[in-house]
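1. Fold the following, please.
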Amino acid sequence: MEFNADVLRRLAGMADEYGVLSVYVTADPREDAAHVRVRNDLAAIRDRARREMARDRRMAVEKRLDGLTGRIEEILRPSEPGRGRVLFATVAGGDEEEYRLQVPLPDLAVLDDFAYVRPLAAATSATAPEGLVAVARGGVQLVDVRYGVATEVLRRAFEVDTADWREKRGPAGARSAKPQSQVSHTDRFDDRVEDHIGRLLRGAAPEVAEAARGRGWRRITVTGDPRLVEPFAAELAQRTGAEPERADRIVYGIPAQRMAEELGPVLTGARRRAEHALAERVCDAGRSGTSAALGLPDTLGGLNDRRVERLLLDPSRTWRGARAADGRLFPDGQVPPDVPADAVTPVADLGEQMIARALAGDAEVVTLSADAAAALAEVDGVAAQLRW
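-> The predicted structure is shown next:
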């Protein structure tokens, strides 16, 4: 099944009365490393079931793990497709969902009431959909890059018909210092070619802008001949309302995946700058009291009210808290007095619950790079852009 943002949102709501098993693996030629980590986690789950679970649940968990042995061995096999593999399986319900991505994932296995999506959310936040546009005198090439996979979605080859533009001799222009009888119209011919290519590029801009909207790109990077990159990027900015990244590198005509790999450092740098700018904007808005929540209590309040448009998290942080029966989240030791004690469940990984709550409310989850996360150092490593 193809992975996309809607799948992540649905997985965040995957629950089961006896639990959901989440298994993450990254393909590695040194397969023993992944085998040991995942198998140790699975053994710990079995041990916990024997020590802590009621008989019915323990038997269901052990039976489910036995039944999934072949499936787990398959995703551990390095020869299988997909760099990162993830399997979700409900214990009582018998549901299974498996995804293969071209991005690295941690090696772990978790059994919890809900699907454990935090590692998947972090990996996909770092490789969210974006567009690459290569411009050249020969044409324009558009590439969609998401979750480690690059796909060409548009290529327009430019054909300049110069049959009627034959070079002629004639009088020199006002800028020429040559005698009129010795002046060629070559410069005028070249200018006409350049103007024609410029018109063709401008004509491609609406289609690129439409692709950006339809494919949900967070960013667009325009690369190619420096003489063409700037005017095309300016035209695109007018049509999308956002400034594209610029990269002066000729890559037009090469395969999409190779293009994404060659421009990898450019894309990574653009993502980090965009994340840092977003974190700064949210912090500025929070300090001025407009449409932002800073710190754990205020962010949880926004999540509980479904006001969060973007949730920003420092992936190096962990938070503890509690979840009420109705799904509301509270910081550790700050459950309101009107919430019955028997309706509250302690939560050791509040970050996971914040992600699930955000996705359930159609919010975007942004797991920040280390540089961008530094902007949230004074607000518990968590903030949110609010809808109102």
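
2. the bottom helix or strand of this protein by mean pLDDT?
-> For the chain, counting by mean pLDDT, DSSP states H and E, helix 186-214 ranks last in confidence among helices and strands (a mean of 74).

3. which residues of the stretch 201-350 of the chain fall in strands?
-> Listed in chain order, the strands of the stretch 201-350 of the chain (DSSP state E, counting those that start in this stretch) span residues 220-224, 245-247, 292-294, 308-313, 321-324, 329-331, 344-347.

4. Pipe those strands into TSV and attach mean neighbour count per row.
-> C-betas here are computed from N, CA, C, even on glycine. Output for those, formatted as TSV (neighbours: other C-beta atoms under 10 Å):
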stretch	mean neighbour count
strand 220-224	25
strand 245-247	20
strand 292-294	23
strand 308-313	24
strand 321-324	20
strand 329-331	20
strand 344-347	14
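
5. Can you check which of these gets nearest to Val379?
-> Val379 lies closest to strand 292-294 among the strands of the stretch 201-350 of the chain, at 4.2 Å (C-beta to C-beta).

6. So for the closest one, mean pLDDT?
-> Summarised as a single mean, pLDDT over strand 292-294 is 98.

7. With stretch 365-384 instead?
-> 96.

8. Now do Ala163, the pLDDT please.
-> In the prediction, the pLDDT value recorded for Ala163 is 53.

9. now the strands of the stretch 201-350 of the chain as CSV including distance to Asp6?
-> Written out in CSV, the entries for these read as follows (distance: least, C-beta to C-beta, whole Å):
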stretch, distance to Asp6
strand 220-224, 22
strand 245-247, 27
strand 292-294, 25
strand 308-313, 17
strand 321-324, 24
strand 329-331, 23
strand 344-347, 25
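
10. I'd like to know which of the ones you listed lies nearest to Ile45.
-> Proximity of these to Ile45 was assessed by C-beta to C-beta; the nearest stretch is strand 344-347, lying at 18.7 Å.

11. what are the pairing partners of that closest one, and which direction each?
-> Here the strand partners of strand 344-347, with direction, are listed using DSSP bridges: strand 321-324 (antiparallel).

12. how distant is the partner strand from the center of its chain?
-> 28 Å (C-alpha atoms, centre = their mean, to the nearest Å).

13. again with stretch 2-11
-> The chain centroid and the centroid of stretch 2-11 are separated by 12 Å, computed with C-alpha atoms, centre = their mean.

14. Please shift the residue numbers so they start at 14 in all later answers.
-> Yes, from this point I'll number from 14; that puts the last item at stretch 15-24.

15. which other residues reach that stretch?
-> Residues outside stretch 15-24 that contact it (C-beta atoms under 8 Å, 6 or more residues apart in numbering): 14, 101, 110, 112, 114, 128, 130, 133-134, 137, 160, 229, 372-373, 375.

16. which one among those gets closest to Arg168?
-> Comparing these against Arg168 with C-beta to C-beta places Gly229 closest, at 21.0 Å.

17. Leaving out chain neighbours, which residue sits closest to the closest one?
-> Spatial nearest neighbour of Gly229, excluding adjacent residues (C-beta to C-beta, 6 or more residues apart in numbering): Pro142 at 5.3 Å.

18. so who does the one you found touch?
-> Contacts for Pro142 (C-beta under 8 Å, 6+ apart) come out as Asp157, Val158, Arg159, Arg228, Gly229, Trp230, Arg231.

19. In PyMOL, how would I pick out whichever of these are buried, leaving the exposed ones unselected?
-> Here is the PyMOL selection string for the buried members of these, based on 16 or more other C-beta atoms under 10 Å:
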select buried, resi 157+158+159+230+231
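
20. which among the contacts of Pro142 gets closest to Leu276?
-> Leu276 lies nearest to Val158 out of the contacts of Pro142, by C-beta to C-beta, at 8.8 Å.

21. what's the closest of the contacts of Pro142 to Asp345?
-> Set against Asp345, the nearest of these by C-beta to C-beta is Arg231 (33.0 Å).
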